[in-house]
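Okay, sequence plus prediction incoming.
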Amino acid sequence: MIPDLFHRMQKVVRRLLIVLLFLVAVAAAVGGAAAWWLGQPLRMSSPSLELEIEPGTSPRGVAQAVADAGVQTDPRWLYYWFRLSGQDRQIRAGNYELTAGTTPRSLLQKLVRGEESLRAIIFVEGWTFRQMRAQIAKDEFLKHDTAAMTEAQIMDALGKPGLAAEGMFFPDTYTYAKGSSELAVLRRALHAMERRLDEAWAQRAADTPLQSPYEALILASIVEKETGHASDRGQIAGVFINRMRVGMRLQTDPTVIYGMGEAFDGNLRRRDLQTDTPWNTYTRAGLPPTPIAVPGKASLMAAVRPEPTKAYYFVSRGDGTSHFSPNLDEHNRAVNRYIRGSN
């Protein structure tokens, strides 16, 4: 009796072992298949896809959003992966770009790290604030929250009430995530200009006639607009500094053009030079009340540390460079030569 019972128990144990081994084999196969799937590029409807994850989206909703964006996979498998990874609650909202070669593993890493797709906008040296606004207005990836604002309202929103917008935004390339606000980009450019201006002012020449960083910014904007060739920048700044020291009017055309606004048709006439505006440096002494454009770093440095020069005048040679003169007689001869074409 006992031997028969023992024999039957051996059979049961063997069967249990066989079942257990089978389950282990199945689990290993499933695990191997899962590991293989995690490393395989996901099929996509196009080489590059835009994925937007709204704040508060559940892990299941994220998986569905991935499929809706054009990733050709069962969202349930992505959801199971998110859950099994233990990182499903660490997925960050944002705008992402999915490219060919993205795997389930790299997808989750991107979402957890918040590696949003970045766009770029460029502000160019010498631009006016009007040109900057036009640039951001046509950017389809920015949230246009300043479109209905006046310049004064924009500066209020940026925490600078009463300050003119002109010249206050550093020209550079700014990257941003899709859906960022215009105000966020402008705030970065504003802070960048404040840093650059502080750095330049700290290095100003001891004998500068400029009274404040803002005056340096105004002069730098004029230097930016007057400079046709980078090598002349320091001397051009030196001419204006020389004029300020002796009380001469700056008499610079770009300030007149700026004061004319939209009335400027591309031709600057004698009557324009004689028509008074707050920015007309032919009719008014000293610096204009605001910058006339956005200066770059080189112009900021030229304004605070100009090249020593005896020149009080300069005129364009027609090739981008300028001819500098220490007195009016020589300047008039240079004008005759380079502007009127006579000796």
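Sure thing, it's come through. Numbers count the residues shown, from 1 in each chain.

Tell me who's in contact with residue 299.
125, 220, 221, 223, 224, 227, 233, 237 (C-beta atoms under 8 Å, 6 or more residues apart in numbering). C-beta here means a position set from N, CA and C on the backbone, and glycine is covered the same way.

wait, is residue 96 part of a strand?
Yes. According to DSSP: H, G, I helix; E, B strand; the rest coil, residue 96 belongs to a strand.

and it, how far is that from residue 42?
Using C-beta to C-beta, to the nearest Å, residue 96 is found at 13 Å from residue 42.

Please identify which of the two sits among more neighbours.
residue 96 (24 against 21; other C-beta atoms under 10 Å).

pLDDT value on that one, please?
Predicted confidence (pLDDT) for residue 96: 87.

same check, this time on residue 9
For residue 9, pLDDT reads 61.

Ok, residue 100 next?
pLDDT at residue 100 comes out at 89.

thinking again about what came up before, now the two most distant members of the contacts of residue 299.
Across the contacts of residue 299, the longest distance by C-beta to C-beta is 14.8 Å; it joins 125 and 237.

Worst mean pLDDT across the helices and strands of this structure, which element?
Lowest by mean pLDDT, DSSP states H and E among the helices and strands of the chain is helix 2-38, with a mean of 56.

After that one, which helix or strand is next?
strand 48-53 (DSSP states H and E).

Need the residues that contact that following strand.
Applying C-beta under 8 Å, 6+ apart, the external contacts of strand 48-53 come out as 62, 65-66, 69-71, 91-100, 111, 117, 178-179.

List the ones among the contacts of residue 299 that fall in helices.
The members of these that map onto helices under DSSP state H are 220, 221, 223, 224, 233, 237.

possible to save the residues you listed as CSV with distance to residue 57 and neighbour count?
As requested, the ones in helices among the contacts of residue 299 are exported to CSV (distance: C-beta to C-beta, whole Å; neighbours: other C-beta atoms under 10 Å):
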residue, distance to residue 57, neighbour count
220, 47, 30
221, 46, 29
223, 51, 30
224, 46, 27
233, 51, 24
237, 54, 27
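
Among those residues, which one lies nearest to residue 38?
After measuring the ones in helices among the contacts of residue 299 against residue 38 - C-beta to C-beta - the closest member comes out as residue 224, at 53.8 Å.

so that closest one makes contact with residue 126?
Yes. Between residue 224 and residue 126 there is a contact at 5.0 Å, judged by C-beta atoms under 8 Å.

Report the set of residues contacting both of those two.
Both residue 224 and residue 126 are in contact with 293, 294, 295, 296, where contact means C-beta under 8 Å, 6+ apart.

Max pairwise distance over those residues: which two?
So, the shared contacts of residue 224 and residue 126 by C-beta to C-beta: farthest apart are 293 and 296, at 10.0 Å.

shared neighbours, these two?
126, 224.

can you give me phi and psi for residue 191?
Backbone torsions for residue 191, taken as degrees, to the nearest 10, come to phi -60, psi -40.

Run a quick neighbour tally on it.
13.

For the chain, which segments are assigned as strands?
Applying DSSP state E to the chain gives strands spanning 48-53, 94-99, 118-122, 173-177, 313-316, 322-325.

Give me whichever of these is most buried.
With neighbours defined as mean count of other C-beta atoms under 10 Å, the strands of the chain peak in mean count at strand 322-325, which reaches a mean of 21.

what's that strand in contact with?
With contacts defined as C-beta under 8 Å, 6+ apart, strand 322-325 is touched by 228-229, 232, 235-236, 239, 309, 311-317, 331, 334, 338.

Among these, name the buried ones.
232, 235-236, 239, 309, 311-317, 331, 334, 338 (16 or more other C-beta atoms under 10 Å).

ok, and the closest non-adjacent residue to residue 276?
Nearest non-adjacent residue to residue 276, counting by C-beta to C-beta, 6 or more residues apart in numbering: residue 283, 4.3 Å away.
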